[in-house]
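Q: sequence plus the predicted model coming up.
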Amino acid sequence: MSIDYSSIPSPCFVLEEAKLRKNLQLIDSVQQAAGIQIILALKGFSMYSAFPLVKQYLSGATASSLNEIKLVNEYMGVKAHTYIPAYRDDEFNEVLERSSHLTFNSMNQWNRFKDRVNGSGVSCGIRVNPQYSEVATEMYNPCVPGSRLGVTRDLIGDSLPEGLEGIHFHTLCENDSYTLERTLEALESRFGDLLHAVKWVNMGGGHLMSREGYNTDHLIGLLKAFREKYNVEIILEPGSAIAWQTGVLTSTVLDVVDSQGIQVAILDTSFAAHMPDTLEMPYKPRILNSYNEPVADKFTYRLGGMTCLAGDFMGDYSFDEPLQVGDLLFFDDMIHYTMVKTTTFNGVNLPAIGIWQEDNTFRLVRTYGYESFKDRLS
Ligand SMILES: Cc1ncc(COP(=O)(O)O)c(C=O)c1O
């Protein structure tokens, strides 16, 4: 059944419940078949109104700040798996109390906090850098020289210090299981001796199981073999894979202007404020019912955001019909790494958040106005 957008405000992130369930079912089938645990990475998808559905399939979540930890506690009803690049002294006790697992990013951090962990019952691990990543964009590559994320093998002695019982690595970004396979080879070549001594291995996120063509059977085989070889519990913590292709960002054309021969449609949304990954990564989002590249004989537009940042635009798209003020556009796959990254730059309102429910009704979860803008300032 297609969505009736007439009842949906603009701009609005619209999560499709049925699509989220489909991803969760697939991910759950992997964790069952491989005998591992898969948890949600909140940094990619923190839409807590959807957590009751997530909880039907996944046991918990990973957090990267005290605020995310609180969200896990409050809306998933469990302690968090926590990894923060550097723990703060004044937050540490609360972080510890609210977490089931803690990953440290450096030996310094471990040495600084190990006495406070002692006797807490929290399972601790260290993030390692296997010095192998196939992520081409430097901004998303945690293995580059100078990376602050994880320790290289030379920084650990012959064995892990007492008290550390887990190894964590995160080096994938929208990758497949074959990349994971090569990454595991690099991990084993550098950290193989330590793997025999740990209780758990957290393989981070970036496993895009829900992307069409992903070979989940290959992933399952890989995970099972690794689990049996080292006799470890395996944890994966994807964010993108969970909310992948689960909904759109609606937007409306507010104006169409001619800029030195280029037609520009100005929208009620912003690439900089509402879809920052499109400029950071960068990538060109798909728009439903449009051509992602200019097509001769079609109507071609550059799409501009509603902030006054000159670079707040995305170009160029073609449409079968000319764009008119009031036309609705739907940016596809706008549920992960969007809501979690929005800003009110320029004082723009945050997009509303809603759910297209499995019973084909729309639930408007949240709208934002002046108060949300003002709240971040003083
Ligand atoms: C430590 C860690 N775990 C998990 C994730 C989630 O990755 P993804 O959303 O690509 O699956 C990230 C993303 O940056 C991360 O840094």
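A: Yep, that arrived.
Q: drop to CA atoms for contacts and neighbour counts, all remaining ones
A: Fine.
Q: need the residue closest to the centroid of this protein.
A: residue 44 (2.1 Å; CA atoms, centre = their mean).
Q: tell me the secondary structure for that one?
A: The assignment at residue 44 comes out as coil when based on DSSP: H, G, I helix; E, B strand; the rest coil.
Q: ok, it touching residue 337?
A: Yes - counting by CA atoms under 8 Å, residue 44 touches residue 337, with 4.8 Å between them.
Q: ok now stretch 246-264, how far from the chain's centre?
A: Distance, stretch centre to chain centre, for stretch 246-264: 27 Å (CA atoms, centre = their mean, to the nearest Å).
Q: tell me the buried residues in it?
A: 246-256, 263-264 (16 or more other CA atoms under 10 Å).
Q: what residue ranges in the stretch 1-150 of the chain score low on pLDDT?
A: Applying pLDDT under 70 to the stretch 1-150 of the chain picks out residues 1.
Q: sketch out the helices for it, chain order is fine.
A: Applying DSSP state H, counting those that start in this stretch to the stretch 1-150 of the chain gives helices spanning 17-34, 51-55, 66-76, 92-97, 107-117.
Q: pLDDT on stretch 293-308, on average?
A: In this model, stretch 293-308 carries a mean pLDDT of 97.
Q: quick one: contacts of the longest strand along the chain?
A: Looking across the chain with DSSP state E, the single longest strand is strand 247-259. Applying CA atoms under 8 Å, 6 or more residues apart in numbering, the contact partners of strand 247-259 are 9-16, 19, 263-269, 323-335.
Q: just the buried ones from these, in PyMOL syntax?
A: In PyMOL, this line selects whichever of the contacts of strand 247-259 come out buried by 16+ other CA under 10 Å:
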select buried, resi 9+10+11+12+13+14+15+16+19+263+264+265+266+267+268+269+323+328+329+330+331+332+333+334+335
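Q: near the ligand, which residues of the chain show up?
A: Proximity of the chain to the ligand is confined to 41, 44, 170, 173-174, 204-207, 237-241 under the rule CA under 6 Å from any ligand atom.
Q: most surrounded residue in the residues you listed?
A: Neighbour counts for the residues of the chain next to the ligand, by other CA atoms under 10 Å, peak at residue 238, which reaches 30 neighbours.
Q: strand partners of the longest strand of the chain, parallel vs antiparallel please.
A: strand 12-16 (antiparallel), strand 262-267 (antiparallel), strand 328-331 (antiparallel) (DSSP bridges).
Q: could I get the ones you listed as a markdown table with distance to residue 119?
A: Shown next, in a markdown table, are these (distance: least, CA to CA, whole Å):
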| stretch | distance to residue 119 |
| --- | --- |
| strand 12-16 | 42 |
| strand 262-267 | 55 |
| strand 328-331 | 49 |
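Q: now residue 324: how far from the ligand?
A: 36 Å (CA to the nearest ligand atom, to the nearest Å).
Q: quick one: residue 135 from residue 305, how far?
A: Per CA to CA, to the nearest Å, residue 135 is found 29 Å from residue 305.
Q: out of those two, which sits in the busier spot?
A: With neighbours defined as other CA under 10 Å, residue 135 and residue 305 compare such that residue 305 has more, 23 against 18.
Q: name the nearest residue to the more buried one, ignoring sequence neighbours.
A: residue 270 (4.0 Å; CA to CA, 6 or more residues apart in numbering).
Q: just confirm that neighbour contacts residue 314, I think it does.
A: No - assessed by CA under 8 Å, residue 270 is found out of contact with residue 314, at 9.8 Å.
Q: overlap of the contact sets of those two?
A: Common neighbours of residue 270 and residue 314, counting by CA under 8 Å, 6+ apart, are residue 304.
Q: ok, the two, which is more surrounded?
A: residue 270 (30 against 19).
Q: which parts of the stretch 201-350 of the chain are strands?
A: Assigned by DSSP state E, counting those that start in this stretch, the stretch 201-350 of the chain shows strands spanning 233-236, 247-259, 262-267, 299-304, 313-319, 328-331.
Q: quick one: the fifth one to strand 299-304, angle?
A: The reference is to strand 313-319. 160 degrees (axes from the mean of the first three to the mean of the last three CA atoms, to 10 degrees).
Q: in strand 313-319, what counts as buried?
A: Buried positions in strand 313-319, judged by neighbour count with 16+ other CA under 10 Å: 313, 314, 316, 317, 318, 319.
Q: pretty sure the last one sits against residue 291.
A: Yes - using CA under 8 Å, residue 319 makes contact with residue 291 at a distance of 6.3 Å.
Q: got the helices of the stretch 1-150 of the chain as JSON lines, with distance to residue 84 columns?
A: Putting these into JSON lines (distance: least, CA to CA, whole Å) gives the following:
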{"stretch": "helix 17-34", "distance to residue 84": "25"}
{"stretch": "helix 51-55", "distance to residue 84": "22"}
{"stretch": "helix 66-76", "distance to residue 84": "9"}
{"stretch": "helix 92-97", "distance to residue 84": "10"}
{"stretch": "helix 107-117", "distance to residue 84": "10"}
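Q: for residue 225, find the nearest of those.
A: Residue 225 lies closest to helix 17-34 among these, at 9.0 Å (CA to CA).
Q: thank you, goodbye.
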